[in-house]
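Peer 1: Got a predicted structure plus its sequence, pasted below:
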Amino acid sequence: MLFERRPLISLLILVAAIVCLWLLLAAWPAELEAVIGRKRVFMNALFNGITLGGLYFLVASGFTLIFGLMRNVNLAHGSLYLFGGYVGYTIGVATGSWLLSFLGAFVAMALLGVILQLVVFRRMEGEELRQTLVTIGISIVLADILLWMWGGDFYQIQTPDWLFGATTLPFVLAAKSNGEAVYMTYPMVRIAILAGAIVIGVVMWLALNRTRIGMMIRAGVDDRDMLSATGIRIQIVFVAVFALGAGLAGIAGVVGGTFQSLAPGEDTRFLLASLVVVIVGGMGSIPGAALGALLIGLSEQFGSVYMPTYAVVLTFLIMVLVLAFRPQGLLGAR
Amino acid sequence: MASVAQRLSAAGAGHAIDLRGVSRMFGALAALADIDLQVRSGEKRAVLGSNGAGKTTLFNCITGDFLPTAGRVRFFGEDVTWYPPHERIRRGLRRTYQISLLFHGLSVLDNVYLACRGVSRGRFSLLRPRRDDALVHAAEELTDLVHLDALRHRKVAELSHGQQRQLEIALALAGAPRFILFDEPAAGLSPGERAELIEVLQALPSHVGFIIIEHDMDVALRVVESVTVMHNGRIFKHGTPAEIESDPEVQELYLGHGHA
Amino acid sequence: MAALEHSAGLPAGAEPAVAPLPRLIRDIPPAAWLVAVVLLVLPAFSNSFVEAQILGWSFILGMIALSLMFLAGYGGMVSLVQMSVAGLAGYMVAILGQSSIPTISLDWPWWLVVPVAVVIAVVFGTVSGLLAVRTAGIYTIMITLAIASAFFYFTRQNYVIFNGFAGFNALPAPQFWGVDWRHPVAFYYLTLFWATLSYGAVLYVERTPFGLALQGIRDNPRRMAALGFNVNLHRVAAYAFAAVIAAVAGILLVWLNGQVSPGTAGIGPVIDILVIAVIGGLRHPIGPFVGALIFVVLRTFALDLLTSVGLAGERFNLLVGLGFLAIVFFSPDGIVGLWQRWRRSHADSQARQSAASHPGGP
């Protein structure tokens, strides 16, 4: 175990964990607040970063699955995100149900993914660069079609009533003059989505590691030729994975439409975020996508709060450091 | 071939390849166990054995792709046990691969030229070679040596499998090698191509020694002067081609099973 | 492609009647001479719009796409950072020279601005290469796209150096040696010169030890390492070479537009360069310029084209995207690849025809 092999690092990690716990749970003394700023600001940035990480995880996990198994850098992933979001919005407005938006977005994007894999990518089996170029073409065409159909406005998906408002969290923000603790409040919908992302992540991890089809996918990531040589109908696996990845992007689109908004340009933004998350976390790794998403979400939020002019620099610095010292990503296989 | 290499090889009266007590473990599996192997400079040796006997592992320990878990590897008297592969290449060791590793988008001549360039200076040169460039001439001579002179400007992707194997040999001959390891050069060749391969191997300069791993006994025994047989990671027998071919123990172990 | 050395020549002992032309000149096909002549005399029968906005811009975009083609076609590395390299060079011209923001611009003379801008851009391109080369093939697109996007966002958010969202305007036209180089005819020849120079350089380098080694690395990096080459060093050197071409193009670009902003090297233009290179063809240096010309002509006349088929003029991207998809589907080697295939089949059918009309063998 890590503890036995590297006692010093384990000790440092333990100390850091204790410090972090104290920072989170206790009220901050005035001297600390003078240096770092108010705890409320910090806690909001922290939670916003974590929940943004949840959103990034939803988008990036689809991307990394498709890349890990099919070696297809799906640069149309951002378009799938935006398309799913728009579809979810339209369904939400038509039916009034937030949950139906998710279902609709997932089904629509998964269907599109099935069509793309069967009609397009299957013909270019083994030609990774060509497949990637095709995804670029698809993203250009899709982006323009989306602009045509939904225009340049900002679309906002309504938070459903049963998730509206803030909830109180057991984290102390400050102590009032009479000694009473002030607790943190945070929007419920963001917590719900974070919970959803965690659930989806755990389900995916379980599916990959505990089911037969998951084992096939992992084997395929390691050695595709070997997998097809075992006689398993690998094409079905490919279609399923691409559909799943696209569906995840669609779900993420509805989430993003609820958190933030949907507009042209969001597709590029989330594609680039997926890229950075997967580069940092590691290609083809779901835990890697989670770790990368968390890191990037936190760095973006903390950056925009504490050093707004250089927020991009912080994210980019993380990416450069990972590329310099561990080019396969933090949890990527060499 | 370059006379410098000839003079060097003549001067080194000792062994070209000298393995003492070399072992290579993979976990609990002994791929190589206590190998003692000496090959003189200029000697042509075959290493035979069934699959799993440890032949390719032996090669990898000599080239430096694997490091031995025990023992010493000497190359022309120098202890190279811990040297990385490119250091051994620089000292004149060459190797061919069981599956040809060629440059498919380039011509035959370009492939050989790159092999000649790899061990010389000027690899980053931004000047085209002149008509009388020594390395270009060396590359052209090498294509002649492996019977590919008519196909010099053909792209590798257009060559037949046999021609690609011949090119593979040309790459190993580039840059004045002192010793070559041939890893199953006859793999996948038709009878006609095999005959041509034997010609090429027999026509190699006498000062360049080699070890050949082969399943095809006909090819191997025809081009070498001595044979080592391996089994289960150990040296089993050693002798001349005639001795080995007629040895009953070897026949039972190896030849008796599916010798074509 | 041409052999390492043509062994064709005069039979031994023959005396040439006239001193033969240098090999380099003899190898140029007659079609190329025709194109060269047309390009040289073009200003005599065209207008300033064609010279500067269509051809000048095509040469510039072609150069940037050429730097991508060099890395992708010869090195197997599809790098999307080339437009950012050009953008950085353009920004440096604004920052080191004169612009609408005197608080940032340093007002250096042009002969200092240009080399320093090129050097800074080449350093950026080389460092990007350093980050990208240690991962295998297809990752290069991801990593370089991420670097390009970081450059875009950084220039948009940074106000101290890059003046943020607005960028720099009112960049003066390059005027030196008594010539106003922004005048359409002069600008045309300026861009033609640099485009021809970079085209010739790439064509020449292809057959040098450096270029051959790069192609060897593209085809089989493991064997190249086994032959004694430092694979990653070669790749990084290739990025540096490509960055020089992109940097010069970037300087010409800001001279053409008189302004530079984050959008100059935004994700749209970054992808456009890839589209241009692929449409033209990644196999031969003429491809990027063919692709650039098509792209620029389409963009200029897109409005008329689209309205004539009943679509709104803004659907330009749809047109480009569909055309790009068509090329990738039917001719991954691009337009140049199509042409080469047509020529080969034409030669084959001609050979078959002459063989048919001469029955009975040779």
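Peer 2: Noted; the coordinates are in hand.
Peer 1: Beta-bridge partners for B:Phe210, please?
Peer 2: Beta-bridge partners recorded for B:Phe210 (DSSP bridges): B:Lys44, B:Ile180.
Peer 1: tell me the contacts of it?
Peer 2: B:44-45, B:179-182, B:201, B:204 (Cβ atoms under 8 Å, 6 or more residues apart in numbering or on different chains). Heads up, the C-betas are built off the backbone N, CA and C, glycines and all.
Peer 1: can you tell me which of those lies nearest to chain C?
Peer 2: B:Leu181 (11.8 Å; Cβ to the nearest Cβ).
Peer 1: hang on, isn't that closest one packed against B:Gln98?
Peer 2: No: applying Cβ atoms under 8 Å as the test, B:Leu181 and B:Gln98 come out as separate, 11.1 Å apart.
Peer 1: Neighbour count: those two, which is higher?
Peer 2: Neighbours per residue, other Cβ atoms under 10 Å in any protein chain shown: of B:Leu181 and B:Gln98, the larger number sits with B:Leu181, 22 against 15.
Peer 1: Tell me the confidence at the more buried one?
Peer 2: B:Leu181 carries a pLDDT value of 93.
Peer 1: Tell me how far it lies from A:Arg38.
Peer 2: With the distance defined as Cβ to Cβ, to the nearest Å, B:Leu181 ends up 70 Å from A:Arg38.
Peer 1: How about C:Gly211?
Peer 2: To A:Arg38, C:Gly211 is 60 Å away according to Cβ to Cβ.
Peer 1: burial measure for B:Ser206, as a count.
Peer 2: Neighbours of B:Ser206 under the rule other Cβ under 10 Å: 10.
Peer 1: Then it would be within a helix, right?
Peer 2: No: counting by DSSP: H, G, I helix; E, B strand; the rest coil, B:Ser206 is not found in a helix; it is coil.
Peer 1: of all of chain A, which residue lies closest to chain C?
Peer 2: Across chain A, no residue is closer to chain C than A:Ile140, which sits at 3.3 Å (Cβ to the nearest Cβ).
Peer 1: For that residue, grab phi and psi.
Peer 2: According to degrees, to the nearest 10, the main-chain angles of A:Ile140 amount to phi -60, psi -50.
Peer 1: Please name the nearest non-neighbouring residue to it.
Peer 2: Nearest non-adjacent residue to A:Ile140, counting by Cβ to Cβ, 6 or more residues apart in numbering or on different chains: C:Gly321, 3.3 Å away.
Peer 1: Get me the contact residues on the stretch 101-250 of chain C for chain A.
Peer 2: Counting by Cβ under 8 Å from any Cβ of the partner chain, the stretch 101-250 of chain C comes close to chain A at C:131-132, C:134-135, C:137-139, C:141-143, C:145-146, C:149-150, C:153-154, C:157-160.
Peer 1: if we can go back for a sec, most widely separated two among the contacts of B:Phe210?
Peer 2: By the measure Cβ to Cβ, B:Phe179 and B:Leu201 form the most distant pair in those, at 14.2 Å.
Peer 1: So between the two, which is more surrounded?
Peer 2: Counted by other Cβ under 10 Å, B:Phe179 and B:Leu201 do not tie: B:Phe179 has more neighbours, with 25 against 22.
Peer 1: Who are the contact partners of that one?
Peer 2: B:16-17, B:39, B:41, B:75-76, B:92-94, B:208-211.
Peer 1: 7 Å instead, please
Peer 2: B:16-17, B:92-93, B:208-210 (Cβ atoms under 7 Å, 6 or more residues apart in numbering or on different chains).
Peer 1: Mark which of the residues of the stretch 101-250 of chain C next to chain A are buried, thanks.
Peer 2: Neighbour counting by 16 or more other Cβ atoms under 10 Å in any protein chain shown classes C:131-132, C:134-135, C:138-139, C:141-143, C:145-146, C:149-150, C:153-154, C:157-158 among these as buried.
Peer 1: show me where the stretch 151-300 of chain C has helices.
Peer 2: Along the stretch 151-300 of chain C, counting by DSSP state H, counting those that start in this stretch, helices occupy C:184-205, C:209-219, C:221-226, C:231-257, C:267-280, C:286-308.
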